[in-house]
Every structure is written in structure tokens, then in C-alpha cells.
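Student: Predicted model and sequence below, questions to follow.
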Amino acid sequence: MEQGIRLHNLTYSVDGRTILQGVDLFCAKGVNRTILGASGVGKTTILKLMLGLLRPDSGTVSIDGELIAGLSESELIRVRSRLAIVFQGGALFDSMTVGENVGYRLLEEGRPESQVERVVREKLSFVGLEDTIDRYPAQLSGGMKKRAAIARALASEPEYILFDEPTTGLDPIGVYNICNVIRRLQEEGKTALLVTHDLETAFNVSERFSFIHKARMVFEGSREEMLGSALPAIREFLTPTDESLFTVNRKPGGEL
């Protein structure tokens, strides 16, 4: 059985505007990958399609060789359990403590409280936040919130972890901590897929890179191949100028 997440000839549009066109992408298990591109080009949309939160107009999404289209809700939940997502803002519940946030999904599944507490402490320890278990999100720094969100994602033992702009808005120490956690996750057998426009983060944690431009996946390769690419879109992204198409032609609004 194929081990990884595959998008095949995927097309997705909103209100007649094409967001993704004919996208092919394979995220192999055990290989960290980053999808790069300017803001608003559809990077987060790809994550939502992988999770089955959106349905493509055409094309397929498969997880470890299993197509998610046509699955019943219970089957989709089973397949989805192999994935977890860390949202850009962390998306923690403000009214819950850090520990309650991390254990929320497990309690919803009916796990015994003693087991949930053990898992919560284990995952918070992994991200260096064991002392925050009784704090509230408002008492944490931006980087700590991101790490708490990672601990919550890890609580259900996913095989693939999707990161939406994991280091946006963080100071250098926060960026270092997040990158360190992502690298350690790979050592633990997890696979990370990032979407970001932050090259430093991407190059710190990933081995393979994809680049999306004007709704299409125009590049796939290593860091060296990307840095040496002659594609104008990639050259503009790596070394933007005042005439950059990303600045001049960017459409209003954020990522879909």
C-alpha cells in the first residue's frame, strides 16, 4: 500500500474563480515537505482538501492509498484520525486551561480521565510546556500557544501533522522552538507537511518543496533544485523586486 498523502489532478474553485487547477502532489510518509507560495494562492485550501473539509471540483485525494471521496462520515473520521492540523493562530479554546485544550478531543472520545491526563502531560512535556498545564491561553506567549496547539494535535497520535504558517508572527526564539519541535517529530516517526511563505522555516525542517503559482503546482524538488530554479515565479519569490507580480497582481482578501 502506498504510504503518504496524494493529490491527483485536483481542481477547486469558489464562485467561478479557480483556486487550484490540475494539482498533483505526493507527500511521502517520513519525508517532511513544505508547500511554498505567496499569500492567497491556495496553500491552506490544500490542507482543507486533504482533511476532507472541502471537496474538490475534480481529482482525488488519498491517504495511504485510500481515496477519501465517497467515504461515509464514520469512515472519513477513521481516515482523518491519521492526520492532525495546527492552525495558524493555534485555535486554542480561551475558556479552557492548556491541559484541557490538549485533552479535549480524547475526553470527547470517552477516554478515561487518568489516561487523558497521562497523555496530556506527555505531549506538553514533548513541546516543553509541562509547567503550563493549569494556565490559560491568554497567559501564554505566541510561541507557547503554537507549541500548545502542537501538543493538542499530537494527543491523538496522528501519523501526519499539517502546519498552517507555523511560525508567522513569532520572534526568533519562538521560530527556533517550533522548528526544533517539528524536527523532533520526524525523529519520532511523524510526517510534517507545512504551508508557509517563510523560507527560513521551510529550509530548516523540510527535505522536499513544492511551489504553487497561479493555481498550479509549478515546482517539486529539493532545496538545491529550488534555489537553482530558473522559473520566473520562483525567482521572484526568492528575490522579490518592486516589479514583483506577487505585489502588483495579488487579489484582495486572504487565503481561502
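Tutor: Looks like it arrived, so ask away. Numbering: from 1, shown residues only.

Student: residue contacts, the spatially closest residue to Ala91 that is not a sequence neighbour?
Tutor: The spatial neighbour of Ala91 that comes closest, neighbours along the chain excluded (Cβ to Cβ, 6 or more residues apart in numbering), is Ala149 at 6.6 Å. From N, CA and C alone the C-beta is placed, and that goes for glycine too. Applying Cβ atoms under 8 Å, 6 or more residues apart in numbering, we find Ala149 in contact with 86-87, 90-92.

Student: tell me which of those residues is nearest to Gly142?
Tutor: The shortest approach to Gly142 among those belongs to Gly90, at 8.2 Å (Cβ to Cβ).

Student: that older thread, now render the contacts of Ala149 as TSV, adding pLDDT, secondary structure and neighbour count.
Tutor: Shown next, in TSV, are those (pLDDT from 0 to 100; DSSP: H, G, I helix; E, B strand; the rest coil; neighbours: other Cβ atoms under 10 Å):
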residue	pLDDT	secondary structure	neighbour count
Val86	93	strand	26
Phe87	86	coil	17
Gly90	69	coil	20
Ala91	84	coil	14
Leu92	90	coil	23
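
Student: Identify the residue nearest Phe93 in space, chain neighbours excluded?
Tutor: Leaving out its chain neighbours, the residue that sits closest to Phe93 by Cβ to Cβ, 6+ apart is Asn101, at 5.6 Å.

Student: where does the one you found land on pLDDT?
Tutor: At Asn101, the model reports a pLDDT of 95.

Student: Same check on the one 3 residues further on?
Tutor: For Tyr104, the model assigns a pLDDT of 91.

Student: The helix or strand hosting Ser210 pairs with which strands, and in what direction?
Tutor: Following DSSP states H and E, one finds Ser210 within strand 208-213. Paired strands of strand 208-213, with direction, are strand 33-36 (parallel), strand 216-221 (antiparallel) (DSSP bridges).

Student: What count of nearby residues applies to the nearest residue to Phe211 once chain neighbours are set aside?
Tutor: Leaving out its chain neighbours, the residue that sits closest to Phe211 by Cβ to Cβ, 6+ apart is Phe219, at 3.9 Å. The tally of other residues near Phe219 (other Cβ atoms under 10 Å) stands at 19.
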